[in-house]
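Chemist: Can you look at this prediction? I've put the sequence above it.
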Amino acid sequence: MIKKMLGVFLVLFFTVGMNVCAMESEDEPALIRDAMSKMSNTKMERLSEIEELMNDNLFQKDINVLSREGYREKITEYDLDGAYQVYILEPLLATVYNETGSFSEAITDSVQWKIPIKTESGTAGLAVVNESDMGLTFSGTIVGDTSSTWYVNEEKIIASVNNAINMKEPIESICIVHSYMYYTTFVYLYSSNAEYLIPYSIYADELHLENGKVYSVSDVMKAFSKCFDESEVINHPNNNGGVPFRRQGLTVYGVALVSIASILLIIVLTFFLLKTKEIKDKSE
(Lines give C-alpha, C1' and ligand atoms only; values in the text may rest on other atoms or scores of the structure.)
Protein backbone atom coordinates (compact mmCIF):
# COMPACT_ATOMS: atom_id res chain seq x y z
CA MET A 1 0.00 0.00 0.00
CA ILE A 2 2.79 2.40 0.95
CA LYS A 3 4.69 1.57 -2.25
CA LYS A 4 1.53 2.17 -4.29
CA MET A 5 0.95 5.57 -2.65
CA LEU A 6 4.61 6.46 -3.16
CA GLY A 7 4.32 5.58 -6.83
CA VAL A 8 1.22 7.74 -7.26
CA PHE A 9 2.96 10.63 -5.47
CA LEU A 10 6.00 10.40 -7.76
CA VAL A 11 3.79 10.36 -10.88
CA LEU A 12 1.90 13.44 -9.67
CA PHE A 13 5.16 15.18 -8.70
CA PHE A 14 6.77 14.74 -12.13
CA THR A 15 3.51 15.58 -13.94
CA VAL A 16 3.13 18.85 -12.05
CA GLY A 17 6.82 19.62 -12.46
CA MET A 18 6.65 19.11 -16.20
CA ASN A 19 3.55 21.29 -16.45
CA VAL A 20 5.23 24.07 -14.48
CA CYS A 21 8.28 23.91 -16.74
CA ALA A 22 6.04 24.01 -19.80
CA MET A 23 4.15 27.03 -18.40
CA GLU A 24 7.43 28.83 -17.70
CA SER A 25 8.61 28.09 -21.23
CA GLU A 26 5.32 29.33 -22.72
CA ASP A 27 5.37 32.44 -20.54
CA GLU A 28 8.90 33.48 -21.52
CA PRO A 29 7.72 35.94 -24.22
CA ALA A 30 5.04 37.28 -21.83
CA LEU A 31 7.32 40.20 -20.98
CA ILE A 32 6.71 41.57 -24.45
CA ARG A 33 3.75 39.60 -25.85
CA ASP A 34 1.24 42.47 -25.80
CA ALA A 35 3.78 44.96 -27.14
CA MET A 36 4.69 42.59 -29.98
CA SER A 37 1.01 42.19 -30.78
CA LYS A 38 0.58 45.96 -31.10
CA MET A 39 3.59 46.13 -33.41
CA SER A 40 2.20 43.33 -35.59
CA ASN A 41 -1.20 45.02 -35.83
CA THR A 42 0.45 48.22 -37.08
CA LYS A 43 2.25 46.22 -39.76
CA MET A 44 -0.91 44.43 -40.89
CA GLU A 45 -2.56 47.78 -41.57
CA ARG A 46 0.19 48.67 -44.08
CA LEU A 47 1.03 45.35 -45.73
CA SER A 48 -1.19 45.64 -48.80
CA GLU A 49 0.09 49.14 -49.57
CA ILE A 50 3.71 48.04 -49.05
CA GLU A 51 3.18 45.02 -51.32
CA GLU A 52 1.84 47.23 -54.09
CA LEU A 53 4.85 49.54 -53.80
CA MET A 54 7.27 46.60 -53.90
CA ASN A 55 5.70 45.17 -57.04
CA ASP A 56 5.56 48.54 -58.78
CA ASN A 57 9.09 49.66 -57.92
CA LEU A 58 11.17 46.50 -57.63
CA PHE A 59 9.80 44.46 -60.50
CA GLN A 60 7.72 46.48 -62.96
CA LYS A 61 10.45 49.14 -63.18
CA ASP A 62 13.10 46.42 -63.34
CA ILE A 63 15.21 48.12 -60.63
CA ASN A 64 18.73 46.82 -60.06
CA VAL A 65 21.45 47.43 -57.51
CA LEU A 66 25.23 47.54 -57.42
CA SER A 67 26.69 44.21 -56.29
CA ARG A 68 29.78 43.72 -54.12
CA GLU A 69 31.72 42.89 -57.26
CA GLY A 70 30.75 46.22 -58.81
CA TYR A 71 28.20 45.13 -61.42
CA ARG A 72 24.46 45.73 -61.55
CA GLU A 73 22.12 42.93 -60.59
CA LYS A 74 18.36 42.60 -60.31
CA ILE A 75 16.31 42.28 -57.14
CA THR A 76 14.45 38.99 -57.42
CA GLU A 77 12.45 38.71 -54.19
CA TYR A 78 11.20 40.50 -51.10
CA ASP A 79 9.92 39.29 -47.73
CA LEU A 80 6.68 41.03 -46.82
CA ASP A 81 6.42 39.12 -43.51
CA GLY A 82 9.80 40.54 -42.50
CA ALA A 83 8.78 44.18 -43.02
CA TYR A 84 9.19 46.41 -39.98
CA GLN A 85 8.45 50.03 -39.09
CA VAL A 86 11.33 52.30 -38.11
CA TYR A 87 11.38 55.74 -36.49
CA ILE A 88 14.35 57.92 -37.40
CA LEU A 89 16.51 59.33 -34.60
CA GLU A 90 17.90 62.84 -34.26
CA PRO A 91 21.36 63.05 -35.85
CA LEU A 92 23.06 64.10 -32.59
CA LEU A 93 21.56 61.30 -30.54
CA ALA A 94 23.97 61.42 -27.60
CA THR A 95 23.70 65.21 -27.26
CA VAL A 96 19.89 65.09 -27.13
CA TYR A 97 19.98 62.30 -24.56
CA ASN A 98 22.60 64.00 -22.38
CA GLU A 99 20.71 67.30 -22.43
CA THR A 100 17.23 65.89 -21.77
CA GLY A 101 17.95 62.62 -19.96
CA SER A 102 15.35 60.98 -22.20
CA PHE A 103 15.94 58.64 -25.13
CA SER A 104 12.41 59.19 -26.42
CA GLU A 105 13.23 62.87 -26.96
CA ALA A 106 15.67 61.80 -29.69
CA ILE A 107 12.97 59.95 -31.65
CA THR A 108 11.62 62.07 -34.50
CA ASP A 109 8.28 61.88 -36.32
CA SER A 110 9.99 60.60 -39.48
CA VAL A 111 8.91 57.03 -40.18
CA GLN A 112 10.18 54.43 -42.63
CA TRP A 113 9.45 50.82 -43.42
CA LYS A 114 12.29 48.39 -44.11
CA ILE A 115 11.51 45.30 -46.21
CA PRO A 116 14.05 42.46 -46.62
CA ILE A 117 15.05 41.81 -50.25
CA LYS A 118 17.42 39.53 -52.15
CA THR A 119 19.24 39.94 -55.45
CA GLU A 120 19.68 37.35 -58.17
CA SER A 121 23.03 36.34 -56.64
CA GLY A 122 21.42 35.85 -53.22
CA THR A 123 22.80 39.05 -51.65
CA ALA A 124 20.52 40.29 -48.84
CA GLY A 125 19.38 43.86 -48.49
CA LEU A 126 16.52 46.13 -47.51
CA ALA A 127 14.00 48.15 -49.49
CA VAL A 128 13.15 51.47 -47.83
CA VAL A 129 9.66 53.00 -47.87
CA ASN A 130 8.90 56.41 -46.38
CA GLU A 131 5.70 56.98 -44.43
CA SER A 132 3.97 60.37 -44.17
CA ASP A 133 0.48 61.82 -43.81
CA MET A 134 0.19 61.50 -47.59
CA GLY A 135 0.81 57.74 -47.45
CA LEU A 136 3.75 55.53 -48.37
CA THR A 137 6.39 56.28 -51.00
CA PHE A 138 9.21 54.07 -52.25
CA SER A 139 12.62 55.51 -51.30
CA GLY A 140 15.26 53.05 -52.51
CA THR A 141 17.28 49.99 -51.56
CA ILE A 142 20.28 49.15 -49.39
CA VAL A 143 22.25 45.98 -50.14
CA GLY A 144 25.21 44.35 -48.40
CA ASP A 145 26.69 43.78 -44.97
CA THR A 146 25.43 47.06 -43.51
CA SER A 147 21.80 46.31 -44.28
CA SER A 148 22.09 42.78 -42.86
CA THR A 149 23.37 44.26 -39.59
CA TRP A 150 20.33 46.52 -39.38
CA TYR A 151 17.80 43.78 -40.08
CA VAL A 152 15.45 43.15 -37.15
CA ASN A 153 12.55 40.71 -36.86
CA GLU A 154 10.17 39.48 -34.18
CA GLU A 155 12.14 36.27 -33.59
CA LYS A 156 15.30 38.25 -32.88
CA ILE A 157 13.50 40.53 -30.41
CA ILE A 158 11.89 37.64 -28.53
CA ALA A 159 15.19 35.74 -28.37
CA SER A 160 16.98 38.83 -27.02
CA VAL A 161 14.37 39.36 -24.31
CA ASN A 162 14.37 35.67 -23.35
CA ASN A 163 18.15 35.80 -22.93
CA ALA A 164 18.11 39.06 -20.96
CA ILE A 165 18.97 38.91 -17.28
CA ASN A 166 18.19 42.53 -16.38
CA MET A 167 14.51 42.72 -17.41
CA LYS A 168 12.12 42.32 -14.50
CA GLU A 169 8.73 43.63 -15.63
CA PRO A 170 6.48 43.51 -18.72
CA ILE A 171 7.29 45.87 -21.58
CA GLU A 172 4.46 48.24 -22.44
CA SER A 173 5.62 49.19 -25.90
CA ILE A 174 8.27 48.43 -28.53
CA CYS A 175 9.64 50.87 -31.05
CA ILE A 176 12.33 50.15 -33.64
CA VAL A 177 14.46 53.23 -34.28
CA HIS A 178 17.38 54.00 -36.57
CA SER A 179 20.33 56.40 -36.58
CA TYR A 180 21.74 57.05 -40.05
CA MET A 181 24.49 59.11 -38.45
CA TYR A 182 25.67 56.09 -36.46
CA TYR A 183 24.66 53.33 -38.91
CA THR A 184 22.77 51.70 -36.05
CA THR A 185 19.29 50.29 -35.51
CA PHE A 186 17.90 49.96 -31.98
CA VAL A 187 14.93 48.08 -30.60
CA TYR A 188 13.61 50.42 -27.91
CA LEU A 189 11.63 48.62 -25.19
CA TYR A 190 10.03 50.64 -22.44
CA SER A 191 7.56 50.60 -19.57
CA SER A 192 6.59 53.11 -16.91
CA ASN A 193 9.57 52.10 -14.74
CA ALA A 194 12.29 50.97 -17.14
CA GLU A 195 13.63 51.34 -20.65
CA TYR A 196 16.03 49.17 -22.62
CA LEU A 197 17.81 49.10 -25.97
CA ILE A 198 18.83 46.23 -28.21
CA PRO A 199 21.51 47.57 -30.59
CA TYR A 200 22.30 46.40 -34.12
CA SER A 201 25.31 48.49 -35.11
CA ILE A 202 28.26 48.30 -37.51
CA TYR A 203 30.23 49.92 -34.66
CA ALA A 204 29.47 47.19 -32.11
CA ASP A 205 33.16 46.33 -31.59
CA GLU A 206 34.20 49.96 -31.14
CA LEU A 207 31.33 50.54 -28.71
CA HIS A 208 32.08 47.31 -26.82
CA LEU A 209 28.43 46.33 -27.21
CA GLU A 210 27.01 43.05 -28.46
CA ASN A 211 24.47 43.24 -31.25
CA GLY A 212 21.19 41.61 -30.26
CA LYS A 213 21.76 41.92 -26.50
CA VAL A 214 19.47 43.83 -24.13
CA TYR A 215 21.07 46.81 -22.35
CA SER A 216 19.73 49.63 -20.21
CA VAL A 217 19.39 52.87 -22.16
CA SER A 218 21.91 54.58 -19.87
CA ASP A 219 24.58 51.92 -20.52
CA VAL A 220 24.20 52.22 -24.29
CA MET A 221 24.28 56.01 -24.27
CA LYS A 222 27.37 56.02 -22.05
CA ALA A 223 29.08 53.77 -24.60
CA PHE A 224 28.17 56.12 -27.46
CA SER A 225 29.28 59.24 -25.57
CA LYS A 226 32.57 57.58 -24.64
CA CYS A 227 33.27 56.35 -28.17
CA PHE A 228 32.06 59.29 -30.30
CA ASP A 229 32.53 63.05 -30.07
CA GLU A 230 29.42 64.92 -31.21
CA SER A 231 30.95 68.26 -30.22
CA GLU A 232 33.13 67.96 -33.34
CA VAL A 233 29.98 67.87 -35.47
CA ILE A 234 28.52 70.84 -33.59
CA ASN A 235 31.73 72.87 -33.95
CA HIS A 236 32.28 71.85 -37.59
CA PRO A 237 28.77 71.41 -39.06
CA ASN A 238 29.98 71.51 -42.67
CA ASN A 239 32.15 68.42 -42.30
CA ASN A 240 30.68 65.22 -43.74
CA GLY A 241 31.22 61.61 -42.78
CA GLY A 242 29.23 61.07 -39.59
CA VAL A 243 30.29 61.52 -36.00
CA PRO A 244 34.07 61.18 -35.46
CA PHE A 245 35.54 58.91 -32.83
CA ARG A 246 36.52 60.63 -29.62
CA ARG A 247 40.24 61.36 -29.43
CA GLN A 248 41.76 59.17 -26.80
CA GLY A 249 44.66 60.34 -24.65
CA LEU A 250 47.77 58.24 -24.33
CA THR A 251 47.20 54.99 -22.50
CA VAL A 252 49.62 53.56 -19.94
CA TYR A 253 51.11 51.41 -22.71
CA GLY A 254 51.32 54.44 -24.98
CA VAL A 255 53.18 56.43 -22.35
CA ALA A 256 55.54 53.51 -21.78
CA LEU A 257 56.28 53.18 -25.49
CA VAL A 258 56.93 56.92 -25.83
CA SER A 259 59.26 56.79 -22.81
CA ILE A 260 61.21 53.83 -24.17
CA ALA A 261 61.49 55.46 -27.59
CA SER A 262 62.75 58.69 -25.98
CA ILE A 263 65.38 56.82 -23.94
CA LEU A 264 66.58 54.93 -27.03
CA LEU A 265 66.78 58.19 -28.97
CA ILE A 266 68.90 59.77 -26.21
CA ILE A 267 71.23 56.75 -26.16
CA VAL A 268 71.67 56.86 -29.95
CA LEU A 269 72.33 60.61 -29.91
CA THR A 270 74.81 60.26 -27.05
CA PHE A 271 76.63 57.46 -28.83
CA PHE A 272 76.72 59.51 -32.04
CA LEU A 273 78.11 62.58 -30.25
CA LEU A 274 80.79 60.55 -28.42
CA LYS A 275 81.79 58.83 -31.64
CA THR A 276 82.00 62.17 -33.43
CA LYS A 277 84.14 63.63 -30.61
CA GLU A 278 86.43 60.58 -30.71
CA ILE A 279 86.98 60.94 -34.46
CA LYS A 280 87.62 64.66 -34.05
CA ASP A 281 90.18 64.08 -31.26
CA LYS A 282 92.07 61.55 -33.38
CA SER A 283 92.20 63.91 -36.35
CA GLU A 284 93.77 66.61 -34.18
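Modeler: Now that the structure is in, tell me what you want to look at. The model shown is predicted, which means the values in this text are computed figures rather than measured ones. Numbering: from 1, shown residues only.
Chemist: how about low-confidence regions in the stretch 1-150 of the chain?
Modeler: Within the stretch 1-150 of the chain, the stretches with pLDDT under 70 are 1-29, 60-71.
Chemist: Break down it into its helices, ranges please.
Modeler: 2-27, 33-54, 93-100, 145-150 (DSSP state H, counting those that start in this stretch).
Chemist: so who does the closest residue to Asp229 other than its chain neighbours touch?
Modeler: The shortest distance from Asp229 to any non-neighbouring residue, by CB to CB, 6 or more residues apart in numbering, is to Arg246 (4.1 Å). Every residue, glycine included, has its C-beta placed from N, CA and C. Going by CB atoms under 8 Å, 6 or more residues apart in numbering, Arg246 touches Lys226, Cys227, Phe228, Asp229.
Chemist: which of those residues tops the neighbour count?
Modeler: Phe228 (23 neighbours; other CB atoms under 10 Å).
Chemist: didn't that residue look like it was pressed against Phe245?
Modeler: Yes - if you go by CB atoms under 8 Å, Phe228 and Phe245 touch, sitting 6.2 Å apart.
Chemist: which residues do those two both contact?
Modeler: In contact with both Phe228 and Phe245: no residue, using CB under 8 Å, 6+ apart.
Chemist: shaky segments in the stretch 151-284 of the chain?
Modeler: For the stretch 151-284 of the chain (pLDDT under 70), the answer is 236-242, 244, 248-284.
Chemist: residue ranges for the helices of it, please.
Modeler: 154-163, 204-207, 217-227, 230-235, 252-283.
Chemist: what about the nearest residue to Ala159 once chain neighbours are set aside, neighbour count?
Modeler: In space, and not counting its chain neighbours, Ala159 is closest to Gly212: 7.5 Å by CB to CB, 6+ apart. Neighbour count of Gly212, defined by other CB under 10 Å: 16.
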